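> Here you go, sequence then predicted model.
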Amino acid sequence: DIGSSAIFWANPDANTSVGDTRDVRFVNAIWPNGKPRVYRNEDTHWGWPPYFKFDSGNINAEAQNLAKRDDQWVAVTHYGWRIEWFTIFPNIIHIRTVEGPDVTLIPWFNIVFFVILAIILFMIWRAVRAFKRKRIDPVIEDIDEMMDDVSESATQARDRAVEAKRGFLAWVKDLFRKKA
């Protein structure tokens, strides 16, 4: 039963029942410092997260075969974190043998992926900035000028209204002065 941590697991397989109960394989490992590490080995199929993993049975067989050998070191490619409080396990994507615990692994795919992602985000940022500069800023400047013109026109209209009021009051005073 998956339980409350179901959001951290892949979608149920097409052949499983509806709900949080399903078959999930686990792979147990020991880190070079002796600490245990538990991975889940679950297919993601076409769902989320989009790892398109269909070979959990093969990975499980490979892990069992490697477990029979003494002093065999492996590198595990996975996604996710191990959070014991929420019973969350990282999902294995790939297992490969390595020469020892001190082997240097360079994640070329991750490096290339994030560099390309950074370039794409930079290009989007530049395009949005250019769009703003060419399309939005002129409209805002026109609105500012229009508001300045409206403000100036309002000041002129107020001055004319004050002048007209003075003239009208002067005319009324003149009118009553002549009658008296």
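On my side now, so go ahead.
> Could you use CA atoms for every contact and neighbour count after this?
Will do.
> What is the longest helix seen in the chain packed up against?
Longest helix of the chain, by residue count under DSSP state H: helix 137-179. For helix 137-179, there is no helix or strand it packs on, judged by 3 or more C-alpha pairs under 8 Å, 6 or more residues apart in numbering; DSSP states H and E.
> Need the three-state assignment for Thr104.
Following DSSP: H, G, I helix; E, B strand; the rest coil, we place Thr104 in the coil state.
> Begin at 3, not 1, for the rest of this chat.
Okay, residue one is now 3; in that scheme the one you just asked about reads as Thr106.
> where's it relative to Val100, distance?
From Thr106 across to Val100, the span is 10 Å (C-alpha to C-alpha, to the nearest Å).
> Do me a favour and average the pLDDT over stretch 88-97.
Mean pLDDT, computed over stretch 88-97, is 88.
> Look at Thr106 and Val100 and report which has more neighbours.
Neighbours per residue (other C-alpha atoms under 10 Å) separate Thr106 from Val100, with Val100 holding more: 15 against 8.
> correct me, but the more buried one touches Val76?
Yes. Using C-alpha atoms under 8 Å, Val100 is in contact with Val76, at 5.2 Å.
> Can you pull the poorly scored residue ranges out of this structure?
When residues are selected by pLDDT under 70, those of the chain lie in 3-25, 181-182.
> Show me where this structure has its helices.
With DSSP H, the ranges of helices along the chain come out as 58-69, 110-133, 139-181.
> need those in JSON lines with distance to Asp45 and mean neighbour count, can you?
Below are the helices of the chain laid out as JSON lines (distance: least, C-alpha to C-alpha, whole Å; neighbours: other C-alpha atoms under 10 Å):
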{"stretch": "helix 58-69", "distance to Asp45": "6", "mean neighbour count": "15"}
{"stretch": "helix 110-133", "distance to Asp45": "21", "mean neighbour count": "12"}
{"stretch": "helix 139-181", "distance to Asp45": "50", "mean neighbour count": "12"}
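> could you redo these as a markdown table and give each row distance to Glu86?
Shown next, in a markdown table, are the helices of the chain (distance: least, C-alpha to C-alpha, whole Å):
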| stretch | distance to Glu86 |
| --- | --- |
| helix 58-69 | 22 |
| helix 110-133 | 26 |
| helix 139-181 | 52 |
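> Out of these, which is closest to Val40?
Closest of the helices of the chain to Val40 is helix 58-69, at 12.3 Å (criterion: C-alpha to C-alpha).
> helices and strands around the closest one, which ones?
Identification of packing neighbours for helix 58-69 by 3+ C-alpha pairs under 8 Å, 6+ apart yields strand 27-32, strand 38-43, strand 93-100.
> With respect to Glu147, which of the ones you listed lies nearest?
strand 93-100 (59.2 Å).
> Just the buried residues of the closest one, please?
Asn93, Ile94, Ile95, His96, Ile97 (16 or more other C-alpha atoms under 10 Å).
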